[in-house]
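Undergrad: following is a predicted model, sequence given first.
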Amino acid sequence: MAVDLNHTIVPSSDKHASAEFIAGILGLKVGPQWGPFVPVETANGVTLDYLDSADFRTIHYCFIVSEPEFDEIFARIRERGLDYWADPAHRKAGEINHLYGGRGVYFDDPDGHNMEVITAPYA
């Protein structure tokens, strides 16, 4: 039996704004609201289902992309003047990493969720 991730719920203070933010950075589309959720679908069919929530802990999400997609995403991060880091603890500000022969960057979404974009999977 194959097990695939289908969706995950992303708590947010404003589901529409947060979905638009990540879709804009990653070059994805925001889907139509479905029940209380605003979905953003990735290329492998997994959806980030944004949900308004008054109380939540921040979460880490990682997206693997091609080298050209990384260039586009990183350009959007810089164009928006977002802070970014080479590490998940946010100690290496204004840098990207080159782990496992690829590139990676971390940035926060409007609710403080720690977003990561990489071009090579971690071993």
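TA: On my side now, so go ahead.
Undergrad: wait, isn't residue 94 in contact with residue 84?
TA: Yes: contact between residue 94 and residue 84 holds when scored by Cβ atoms under 8 Å: they sit 6.9 Å apart. Every C-beta, even on glycine, is put in place using the N, C-alpha and C of the backbone.
Undergrad: higher neighbour count, the two?
TA: Neighbours were tallied for residue 94 and for residue 84 using other Cβ atoms under 10 Å; the higher tally belongs to residue 84 (19 against 9).
Undergrad: ok, for the more buried one, nearest residue in space, not its chain neighbours?
TA: Residue nearest to residue 84 in three dimensions, not counting chain neighbours: residue 107, with 4.6 Å by Cβ to Cβ, 6 or more residues apart in numbering.
Undergrad: helix, strand or coil for the one you found?
TA: For residue 107, the secondary-structure state derived from DSSP: H, G, I helix; E, B strand; the rest coil is strand.
Undergrad: which residues does it contact?
TA: Residue 107 is in contact with 25, 77, 82, 83, 84, 85, 115, counting by Cβ atoms under 8 Å, 6 or more residues apart in numbering.
Undergrad: now the first one, what are its backbone angles?
TA: So the one you mean is residue 25. With angles defined as degrees, to the nearest 10, residue 25 sits at phi -70, psi -50.
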